[in-house]
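Peer 1: I would like to see how this sequence folds:
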Amino acid sequence: MVASTKIGLVLSGGGYKGVAHIGAIKALEEHNIKPHFISGTSAGALVGSLYAAGYSPEDIKTFFKKTSLFRLNRFTRSKAGFFDSEKYYDDLATYFPEDSFAALEKKLFVTATDLVEGVVKVFSRGELIRPIIASAAFPGVFSPIMINNHLYADGGILDNFPVQPIKQKSEFIVGVDVSPIKKPKITDFKHSFNVMQRAYYLRAMPNSMTRFNECDIIIHPKELINYGLFSNTNTEKVYEIGYQEAKKQIAKLLKEQKNDSTSQGKIQ
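Peer 2: Below is the predicted model of the structure:
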């Protein structure tokens with residue numbers, strides 16, 4: 001890969017499993033694979049926005065460690081969700097003092113779902129923080145966000161692997177999907193949240209896999225099936241899973257490129 005290659009990075013949704021995105025970014029940087037374009041949804045939008053703003057993988061991991069999703073003061077009684085998404089604004093404002101896509105160091109695309117129109121909305125200009133929050137507003141758990149008289153929720157509802165916004169701009173695309181699914185047992189459905197999580201996965205995963213072949217590298221850590229969407233007790237383990245899987249896939253790519261180069265030399 002030459003230095004001038006325009007690289008795109010796609011980051012899926014996945015709740016706290018999005019920490020694996022950070023590990024993957026760390027591995028990419030170690031191999032000097034630095035994206036020019038980033039497209040993310042839900043947790044991927046959050047990680048992608050912080051990375052696009054110039055924060056290091058360690059900085060982003062720290063954000064996930066210290067930001068609590070389920071504080072009592074975030075509950076809502078009058079909105080469509082258990083937690084008020086608007087109350088996460090200040091957490092992000094600390095990291096984005098200039099609330100604008102234009103202030104980012106890398107070009108970013110954030111996807112969310114327009115609940116009324118039933119379509120995917122891609123944000124890439126104007127205010128930054130509210131689109132990020134909207135993209136991560138998991139239905140039923142976090143309240144949707146109103147932006148310009150449209151009501152938005154989690155981008156993963158309709159597109160959990162948003163490769164389309166960067167497809168025509170990138171010469172080489174890295175895709176990171178942190179939402180592998182496994183077949184559950186009947187006894188796993190103990191709470192309403194378990195049902196919501198399963199429904200989300202069933203909708204998101206097939207949608208994502210159809211787009212994997214549009215990427216030059218796919219980082220899809222299957223070990224993440226053992227971790228929950230909203231469990232932040234294994235941050236370091238999830239980070240390491242993303243890091244190791246990315247290293248594995250990069251090594252595989254480099255080996256293939258070396259073999260191709262050797263074959264071409266023999267033919268010539």
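Peer 1: hmm, Ala246 is touching Glu29, no?
Peer 2: No: counting by Cβ atoms under 8 Å, Glu29 is not a contact partner of Ala246; they are 10.0 Å apart. Using the backbone N, CA and C atoms, a C-beta is placed for each residue, glycine as well.
Peer 1: over to the spatially most central residue of the chain. Which of the three states is it?
Peer 2: With the centre of the chain defined as its mean C-alpha position, the nearest residue by Cα atoms, centre = their mean is Gly44, 1.4 Å away. Under DSSP: H, G, I helix; E, B strand; the rest coil, Gly44 falls in the helix class.
Peer 1: likewise the one 5 residues further on?
Peer 2: Taken by three-state DSSP, the conformation at Ser49 corresponds to helix.
Peer 1: residues in contact with the residue nearest to the centre of the chain?
Peer 2: Contact partners of Gly44, counting by Cβ atoms under 8 Å, 6 or more residues apart in numbering, are Val10, Leu11, Ser12, Gly13, Gly14, Gly18, His21, Pro162, Val176, Val178.
Peer 1: more crowded one of Ala246 and Glu29?
Peer 2: Higher neighbour count among Ala246 and Glu29: Ala246, with 26 against 14, using other Cβ atoms under 10 Å.
Peer 1: list the contacts of that one.
Peer 2: Counting by Cβ under 8 Å, 6+ apart, the residues that Ala246 touches are Gly23, Ala24, Lys26, Ala27, Leu28, Val176, Ile219.
Peer 1: looking at those residues, spot the one nearest Phe109.
Peer 2: Of all those, Val176 has the smallest distance to Phe109: 14.7 Å, by Cβ to Cβ.
Peer 1: surely that closest one touches Gly18?
Peer 2: No: contact criterion Cβ under 8 Å: Val176 and Gly18 do not qualify, at 9.3 Å.
Peer 1: return the helix or strand in the chain with minimum mean pLDDT.
Peer 2: Of all helical and strand segments in the chain, the minimum by mean pLDDT, DSSP states H and E falls on helix 192-209, at a mean of 63.
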